[in-house]
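Engineer: next input, structure requested:
(2 chains)
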Amino acid sequence: MKRYQHLVFAILILGTLLALGVISTCRAGGLANTTSLAAGVNGVWFDGVDAPGPNLEASAHGAMSLSPHLSLVGSLGWGLTDTYLRSAVGFRVTVTDVDNQNFSAGIGIQYHNGSVASLKPSEWCPDVTVGLRPWPEKVPQVALVAAGWYGLESNRAGCSAGARWRFDL
Amino acid sequence: MSILDILLKAGAAGPALVKLLEKVREAMPDLAPEIDKILVELAAAVSPENLVALAEALPRELANITQGQIDPRRHPSDVA
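Structural biologist: Below you'll find the predicted structure:
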């Protein structure tokens, strides 16, 4: 039963995001204006003695921009080296030029949840992220990203770096 | 807790990201100039001065959102 709790949690998060997406989309005049969906791969490093080692992870991401600086963000990650599922949902504030679509940095906070004991506790994690579109003309869908975070409860840090393919809506 | 407090707390996650970018720079020296540029921009972006200015702008944006005025942008860091 407990193993399904994480799945239910993830579905609830995605459902909430979806609902917010529908509302914002109606206000902004189209899904493509507010919402970004992306898939990617990451190298992930977790702090802590019993945490999973360096991992390769496949991930799916959703983001909804509500104002020039504020976005709702969420993701699901599937560990490929060690098998796990983790999710995160929260908000992010862009701290660089909001009109630059090729480079941005953001700070925010997300609630992290993991399917294995070594990724516990589920907790709020402030984070800092950077994203770069290296070839905006040739391959505008591709972004290189990196993120660092630390858990407010566990005081453990983590970081990831990877590539994203953004889907056009 | 004020918006500025939240921003400063979140900005404290920066060292983990900086450490990662420095490791990438060591592992891939060809990328060093790009990563140095990113580190400089990141340091400026999470500087207290920038965060204070941002904290002043955010309540206005939040008010606009609650009034249904959505003004979206595209940020590559949103899918990090």
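Engineer: any part of the helix or strand containing residue B:56 near chain A?
Structural biologist: Element membership for residue B:56 (DSSP states H and E) is helix B:48-66. Yes - counting by CB under 8 Å from any CB of the partner chain, chain A is contacted by helix B:48-66 at B:50-51, B:54, B:57-58, B:61-62, B:64-65. Yep, even glycine has a C-beta here, placed from its N, CA and C like the rest.
Engineer: how about residue A:85, phi and psi?
Structural biologist: Phi and psi for residue A:85, reported as degrees, to the nearest 10, are phi -120, psi 130.
Engineer: who does it bridge with?
Structural biologist: Beta-bridge pairing for residue A:85 (DSSP bridges): residue A:78.
Engineer: doesn't residue B:21 fall inside a helix?
Structural biologist: Yes - according to DSSP: H, G, I helix; E, B strand; the rest coil, residue B:21 belongs to a helix.
Engineer: what residues does it make contact with?
Structural biologist: Applying CB atoms under 8 Å, 6 or more residues apart in numbering or on different chains to residue B:21 gives the contacts A:130, A:146, B:35, B:38-39, B:42.
Engineer: ok, back up a step: mind giving me the PyMOL select for the residues of helix B:48-66 next to chain A, buried ones only?
Structural biologist: Restricted to buried positions by 16 or more other CB atoms under 10 Å in any protein chain shown, the PyMOL selection for the residues of helix B:48-66 next to chain A reads:
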select buried, chain B and resi 50+51+54+57+58+61+64+65
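Engineer: from the residues of helix B:48-66 next to chain A, which is closest to chain A?
Structural biologist: residue B:61 (3.8 Å; CB to the nearest CB).
Engineer: pretty sure the closest one is touching residue A:70, no?
Structural biologist: Yes - counting by CB atoms under 8 Å, residue B:61 touches residue A:70, with 5.7 Å between them.
Engineer: centroid-wise, who is the farthest residue in chain B?
Structural biologist: residue B:67 (25.8 Å; CA atoms, centre = their mean).
Engineer: any idea how far that one is from chain A?
Structural biologist: Counting by CB to the nearest CB, to the nearest Å, the gap from residue B:67 to chain A is 10 Å.
Engineer: again, but for residue B:75
Structural biologist: 4 Å.
Engineer: please identify the helix or strand for residue B:34.
Structural biologist: Counting by DSSP H and E, residue B:34 is part of helix B:32-45.
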